[in-house]
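Engineer: sequence and computational prediction follow.
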Amino acid sequence: WHRLTTDDGDVWMFRVENLSEKAVDEAERRAERSRRLQDLSARRQLGGGTFERPPPPGGLRVMYLGEVARAVGFEGSELVVQYFAHVSEGWAVGPGSELHGTSQACRPRADPRGWDPRSVANVNLPLALDLSAAEWPPRGLGGDPAAPGNEGISSTGAGSAAPATLFLQVLSRDGFGRHLVQGYGYAALGARPGAEAVSVRTWRPAAHGAARVRRAFTHEGDEIADL
């Protein structure tokens, strides 16, 4: 407190307080802003940022996270597996989807336990699909496409009852880098939730006479021109 006496003899008591905001150094402001931006980025990476919109009323969104696990019973010292996902009409492909892929070269091995006499190549080719439909079930297909036994390529010609069909091609590779088709196959990807293991049976054009000789010695064989 301060004391002030006037000429008239009056006594005044007063004090002085600094009520202005504390001055902050500009460098400290920038450091604080940087810390806040880093904290916001970490929250978004943990899923606390923006949320994806749900499908429209009456629509459906299906996400597939899987892998081509093994190739069993194929010839060749090295195998390569390729896949292509054919999306049915009425379905939209979301970001991050992998519609085609190729595995690394895999060496078939005999079952060390002796339970399976066929050779097994561990492929472990991952695949991810994000599909959405504005209308479910699709028009032109009778019944519920998600019902058991009502999936796959439609025999009516109206399209596919499944959201997508996965086409597979198994190739063998020799020491000269030549590739030979060992099998073709496909599997319908259904819309039922949950986990499922699917075994795909494959086929290839039969080789007879001279075609069989070419296949054995020059690695030439009949192939499908367009999947």
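Structural biologist: Yes, it's here.

Engineer: quick check: longest helix of the protein.
Structural biologist: Ranked by residue count and defined by DSSP state H, the top helix of the chain is helix 26-45.

Engineer: buried sites along it?
Structural biologist: Buried residues in helix 26-45, counted by 16 or more other CB atoms under 10 Å: none are found. Every C-beta, even on glycine, is put in place using the N, C-alpha and C of the backbone.

Engineer: pull the CA atoms of it into CSV?
Structural biologist: The C-alpha trace of helix 26-45 is given here as CSV (Å, rounded to 0.1, in the frame of the first residue of the first chain):
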residue,chain,number,x,y,z
GLU,A,26,6.8,-15.5,-29.9
ALA,A,27,9.0,-18.5,-29.9
GLU,A,28,7.1,-20.0,-26.9
ARG,A,29,3.8,-19.4,-28.9
ARG,A,30,5.2,-21.4,-31.9
ALA,A,31,6.3,-24.2,-29.6
GLU,A,32,2.9,-24.5,-28.0
ARG,A,33,1.2,-24.5,-31.4
SER,A,34,3.5,-27.3,-32.6
ARG,A,35,2.7,-29.4,-29.5
ARG,A,36,-1.0,-29.0,-30.1
LEU,A,37,-0.8,-30.0,-33.7
GLN,A,38,1.2,-33.1,-32.8
ASP,A,39,-1.4,-34.0,-30.2
LEU,A,40,-4.2,-33.6,-32.7
SER,A,41,-2.4,-35.7,-35.3
ALA,A,42,-1.9,-38.5,-32.7
ARG,A,43,-5.6,-38.5,-31.8
ARG,A,44,-6.6,-38.8,-35.4
GLN,A,45,-4.3,-41.7,-35.9
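
Engineer: pull out the buried residues from the helix or strand that it is followed by.
Structural biologist: Using DSSP states H and E, the helix or strand that follows helix 26-45 towards the C-terminus is strand 60-72. Across strand 60-72, burial judged by 16+ other CB under 10 Å covers 60-62, 64, 66, 68, 71.

Engineer: closest one to residue 97 out of those, please.
Structural biologist: Distance to residue 97 across the buried residues of strand 60-72 (CB to CB) is lowest for residue 64, with 8.8 Å.

Engineer: for this protein, what's the longest strand?
Structural biologist: Using DSSP state E to define each element, the chain has its longest strand at strand 119-133.

Engineer: so how far is whichever helix or strand comes after that strand off the chain centroid?
Structural biologist: Counting by DSSP H and E, the next helix or strand C-terminal to strand 119-133 is strand 164-173. Taking CA atoms, centre = their mean, to the nearest Å, the mean C-alpha location of strand 164-173 is offset from the chain mean by 17 Å.

Engineer: could you give the angle of the helix or strand that strand 164-173 is followed by to strand 60-72?
Structural biologist: Remark: after strand 164-173, the chain's next helix or strand is strand 179-189, criterion DSSP H and E. Angle between the axes of strand 179-189 and strand 60-72 is 140 degrees (criterion: axes from the mean of the first three to the mean of the last three CA atoms, to 10 degrees).

Engineer: could you report the neighbour count for the closest residue to residue 94 other than its chain neighbours?
Structural biologist: Nearest residue to residue 94 in three dimensions, chain neighbours excluded: residue 130, at 3.2 Å (CB to CB, 6 or more residues apart in numbering). The number of residues packed around residue 130, counting by other CB atoms under 10 Å, is 17.
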